[in-house]
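Asker: sharing a model that was predicted from the sequence below.
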Amino acid sequence: MNSSNFDAPATSAAIAPLVRIDGNPVRVLVVDDERSLTDLLKMSLRYEGWEVRTAGDGHGAVVAAREFRPDAIVLDIMLPDIDGLEVLKRVRADGSEVPVLFLTAKDSLDDRIAGLTAGGDDYVTKPFSLEEVIARLRALIRRSSLAVGQANDPVIRVGDLLLNEDSYEVSRAGEPIELTATEFELLRFLMRNPRRVLSKAQILDRVWSYEYEGKASVVEIYISYLRKKIDAGREPMIHTVRGAGYMIKAAG
């Protein structure tokens, strides 16, 4: 896993962050006993402009929830002391209705069902893409109107290319473009960083699983897919910077 730091996206084209009703940053509590994972999620969520606290076990999570009063919790079900279901039970017993996004094992259907039955709001399975976690958190936070307010347009614009994070619709010059889920996540990452060169390692970290062990060639393959859909018959927007990575910018 590459842990490259990400600069803040250019404000002219990147989507503005969600904020609390009082104008302060959204607060997210991340709970997992795998330090590398919590560090990576913390970095990515801070990149969204959010305030993040982490906990490595269940008891620490309960204490942090009481002190930090988060607007959302990312909660692993398997923890070394009490499990995530018990953490949620104790958080709810304190009167908190904070939305909870569970992290579950890839093949553990029982955990997913148990988490939602216990009062969790959504789940993602490991391994996951960081963009998926962020997208699901944004959706949970928007629905939690008592905790936060959405002050921003979900549409990201770069030139005549538009991407709607809510409806998952993409268009260029008014013409709809159909993308797969992975193509959408890759395009979103590029569009959030217009005119910024992104390395293959950065793209792998951000778009694919945090544990992804595939070769960087997968990035080349998906870039070629995007080009066929975004740039075909038009002035190119997706550019290769030889030896460095890829960049998207408005045509012209």
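Answerer: That came through fine.

Asker: surely residue 72 touches residue 139?
Answerer: No. Using CB atoms under 8 Å as the test, residue 72 is too far from residue 139 to be in contact (10.2 Å). For every residue, glycine as well, the C-beta is placed using N, CA and C.

Asker: who has more neighbours, the two?
Answerer: The residue with more neighbours, out of residue 72 and residue 139, is residue 72; 26 against 17, by other CB atoms under 10 Å.

Asker: which residues does that one contact?
Answerer: Contacts for residue 72 (CB atoms under 8 Å, 6 or more residues apart in numbering) come out as 26-29, 98-101, 137, 140-141, 144.

Asker: the residues you listed in helices, which ones?
Answerer: Judged by DSSP state H, those include 137, 140-141 as members of helices.

Asker: quick one: which of the residues you listed is nearest residue 204?
Answerer: Nearest to residue 204 out of these is residue 137 (CB to CB; 20.9 Å).

Asker: ok, now which ones touch the closest one?
Answerer: Residues near residue 137 by CB under 8 Å, 6+ apart: 28, 45, 72, 74, 101.

Asker: then residue 40 would be within a helix, right?
Answerer: Yes. Secondary structure of residue 40 (DSSP: H, G, I helix; E, B strand; the rest coil): part of a helix.

Asker: shouldn't it be in contact with residue 130?
Answerer: Yes. Here residue 40 reaches residue 130: they are 7.1 Å apart, a contact under CB under 8 Å.

Asker: any chance of the contacts of residue 72 in a markdown table, with distance to residue 184 and pLDDT too?
Answerer: Shown next, in a markdown table, are those (distance: CB to CB, whole Å; pLDDT from 0 to 100):
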| residue | distance to residue 184 | pLDDT |
| --- | --- | --- |
| 26 | 23 | 89 |
| 27 | 27 | 93 |
| 28 | 23 | 95 |
| 29 | 27 | 97 |
| 98 | 28 | 89 |
| 99 | 23 | 90 |
| 100 | 25 | 91 |
| 101 | 19 | 91 |
| 137 | 17 | 87 |
| 140 | 19 | 82 |
| 141 | 20 | 81 |
| 144 | 24 | 69 |
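
Asker: now those residues in a markdown table, with distance to residue 66?
Answerer: Shown next, in a markdown table, are the contacts of residue 72 (distance: CB to CB, whole Å):
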| residue | distance to residue 66 |
| --- | --- |
| 26 | 18 |
| 27 | 13 |
| 28 | 16 |
| 29 | 10 |
| 98 | 11 |
| 99 | 17 |
| 100 | 15 |
| 101 | 19 |
| 137 | 21 |
| 140 | 20 |
| 141 | 20 |
| 144 | 18 |
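
Asker: of those, which is the most crowded?
Answerer: Scoring the contacts of residue 72 on neighbours with other CB under 10 Å, the highest-scoring entry is residue 100 at 28 neighbours.

Asker: now residue 233: how far from residue 173?
Answerer: Noted for residue 233: a distance of 11 Å to residue 173, by CB to CB, to the nearest Å.

Asker: go on, residue 161?
Answerer: Per CB to CB, residue 161 is found 8 Å from residue 173.

Asker: more neighbours, the two?
Answerer: Set residue 161 next to residue 173 and count neighbours by other CB under 10 Å: residue 161 wins out with 25 against 10.

Asker: fine by me, we can end here.
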